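Student: Structure for the following, please:
(one chain, ligands or ions: 1)
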Amino acid sequence: MDLAYTAEEEAFREGLRSWLKAALPSLPPRPDPADWPARRAYDTAWQRRLYDAGYGAVHWDAPPAQRLIFLEETERAGAPYVGANFVGLLHAGPTVAAEGTPAQRDRWLQPILRGDEVWCQGFSEPGAGSDLASLRTRAVRDGDAYVVTGHKIWTSHAEVADWCELLVRTDPDAPRHRGITWLALPMDAPGVTVRPLRTLAGTAEFAEVFLDEVRVPAEFRVGAENDGWRVTLVTLSYERGTAFAGEVVACRRVLGEVARLARGNGRWDDTALRRRLGRLHAEFGALWRLVQWNVSEAQASRGAPGVGGSVFKLRYSHARQELYDAAAEVLGADALDADREWVADRLSSLAYTIAAGTSQIQRNIVAERILGLPKGR
Ligand SMILES: Cc1cc2nc3c(=O)[nH]c(=O)nc-3n(C[C@H](O)[C@H](O)[C@H](O)COP(=O)(O)OP(=O)(O)OC[C@H]3O[C@@H](n4cnc5c(N)ncnc54)[C@H](O)[C@@H]3O)c2cc1C
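Tutor: You can find the predicted model right below:
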């Protein structure tokens, strides 16, 4: 694989760079991170501007190199990232694009790209996180609709979402992985109750979602009834393989900043610390190569990057935590200054080895599906 960008790709970079230079000065100030309605408004407005400028679909339809350049350039320019649009743009939308009918693609994709509609993910339940296939939220077919009853948890951005990629059990008698169905749930349907959960960082990042006999039209089912596990693997593969790609670019920037601070405050003289930063530099460089690989795989297979996403997710989430540990060491007492972004970023780094599947689960996948080792049980 040739990892160098062509002249044409560099021309795309130049065009994007000048568009960003013109667009960014007129951006309003970023909202309070705890204010999700304001964050939704801000993030969707930015998505709309990207859409109007022809960059709305860059995460899906653009050639891999353009997607990567987009991530590099938006981060370099300090542009907002997907935020409230995360699920829709980075894994629900791509799943609908890969698995939906033409009518479903027409219904859902443009509103995501225009920033008109925000999605959340209703996979986890109180008894079904790592062991997702043990989910119990029931959906019973009644005429042209499913009647859904159950309880979801850790649903990020549920408070401000219009749609939810929802996993339900449609056949309780089938083997666990075979009785699951993937539905698009309208969050304003009668019977949906959202109860926000406060996190360690003090914001209500995610919520519990209670579903009480919610009617979901059968036409909102993506994939066949009881074939939802296969569709889910597509979603998870995008979520683990490419959705965090932009954050690798951000981590590389943060690492550069940490090194600069260390040079300024004398910590750079500590050989062990310098080695740590050097190792992280190599790690994030390798992760960026892995991003390039995963994005190309997704493109080549008209779909998801496959189990390679688990390798990325595993290494990335640990590297991110190590980065913020190193930053805390360099910053000393300043790392505890609650007014600075470092505190929030360090706290949120802790979530990455859990969200989108814990590290233990990624290791199981790597062991069983890549290395071919025997299953634990
Ligand atoms: C910031 C954040 C955002 C999230 N957003 C969403 C969202 O939008 N939508 C959504 O559906 N979910 C979301 N989640 C939930 C997330 O996917 C789950 O927390 C995760 O899958 C783990 O499930 P659990 O919390 O039930 O832990 P459990 O599955 O109960 O696991 C507990 C511990 O046991 C370990 N363990 C369990 N089974 C095994 C095994 N077979 N082998 C080895 N170890 C094992 C786990 O690794 C973990 O350490 C989010 C989580 C976080 C932290």
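
Student: Now the nearest residue to Pro217 once chain neighbours are set aside. Its backbone dihedrals?
Tutor: Sequence neighbours aside, Ala145 is the residue nearest to Pro217 in space, at 5.3 Å (criterion: Cβ to Cβ, 6 or more residues apart in numbering). Bear in mind the C-beta positions are built from the backbone N, C-alpha and C, glycine included. For Ala145, the backbone dihedrals (degrees, to the nearest 10) come out as phi -140, psi 160.

Student: Can you spell out which residues form a bridge with Ala145?
Tutor: Asp142, Pro217 (DSSP bridges).

Student: pLDDT of stretch 141-161, averaged?
Tutor: Average pLDDT, stretch 141-161: 97.

Student: That one and the ligand, any residue contact?
Tutor: Yes. On the criterion Cβ under 6 Å from any ligand atom, stretch 141-161 is in touch with the ligand at 154-156.

Student: Mind giving me the packing neighbours of the helix or strand where Leu20 lies?
Tutor: Element membership for Leu20 (DSSP states H and E) is helix 7-23. Judged by 3 or more Cβ pairs under 8 Å, 6 or more residues apart in numbering; DSSP states H and E, the packing partners of helix 7-23 are helix 64-76.

Student: Flag the shaky bits of this structure, pLDDT-wise.
Tutor: 1-3, 301-304, 338-339, 376-377 (pLDDT under 70).

Student: Residue in the stretch 1-150 of the chain with the shortest distance to the ligand?
Tutor: Closest contact between the stretch 1-150 of the chain and the ligand, by Cβ to the nearest ligand atom, is at Gly129 (1.8 Å).

Student: what sits against that residue?
Tutor: 154, 358 (Cβ atoms under 8 Å, 6 or more residues apart in numbering).

Student: now Arg320
Tutor: Per Cβ under 8 Å, 6+ apart, neighbours of Arg320: 247, 251, 349, 352.

Student: Spell out which parts of the stretch 201-350 of the chain neighbour the ligand.
Tutor: Phe206.

Student: helix or strand right after the helix holding Leu20?
Tutor: With DSSP H and E, the next secondary element past helix 7-23 is helix 36-52.

Student: quick one: that following helix to chain centroid distance?
Tutor: 17 Å (Cα atoms, centre = their mean, to the nearest Å).

Student: And stretch 135-154, by the same measure?
Tutor: The answer for stretch 135-154 is 24 Å, by Cα atoms, centre = their mean.

Student: What backbone torsions are found at the residue in the stretch 201-350 of the chain that the ligand sits nearest to?
Tutor: Residue of the stretch 201-350 of the chain nearest the ligand, by Cβ to the nearest ligand atom: Phe206 (5.3 Å). Note on Phe206: backbone dihedrals following degrees, to the nearest 10 are phi -140, psi -180.

Student: Which parts of this protein are strands?
Tutor: 119-122, 138-142, 145-156, 163-169, 180-186, 192-197, 206-217, 221-222 (DSSP state E).

Student: circling back to that earlier point, which of the residues of stretch 141-161 next to the ligand count as buried?
Tutor: For the residues of stretch 141-161 next to the ligand, a burial check counting by 16 or more other Cβ atoms under 10 Å picks out 154-156.

Student: Tell me the one of the residues you listed nearest Thr74?
Tutor: Nearest to Thr74 out of those is Ser156 (Cβ to Cβ; 21.0 Å).

Student: which ones are touching the closest residue to the closest one other than its chain neighbours?
Tutor: Distances taken as Cβ to Cβ, 6+ apart put Phe206 closest to Ser156, at 4.5 Å, once the chain neighbours are dropped. Shown in contact with Phe206 (Cβ under 8 Å, 6+ apart): 154-158, 196-197, 199.

Student: cool, and Ile180?
Tutor: Ile180 touches 133, 135, 167-170, 226, 228-229, 232, counting by Cβ under 8 Å, 6+ apart.

Student: Swap in 6 Å and give it another go.
Tutor: Shown in contact with Ile180 (Cβ atoms under 6 Å, 6 or more residues apart in numbering): 167, 169, 228-229.

Student: farthest-separated two in these?
Tutor: Once Cβ to Cβ is applied, these give Arg169 and Trp229 as the farthest pair, at 10.7 Å.

Student: the more surrounded of those two?
Tutor: Taking other Cβ atoms under 10 Å, Arg169 and Trp229 do not tie; Arg169 has more neighbours (23 against 19).

Student: measure the more buried one to Ala262 for me?
Tutor: To Ala262, Arg169 is 52 Å away according to Cβ to Cβ, to the nearest Å.

Student: next one: Ala45
Tutor: In terms of Cβ to Cβ, Ala45 sits 37 Å off from Ala262.
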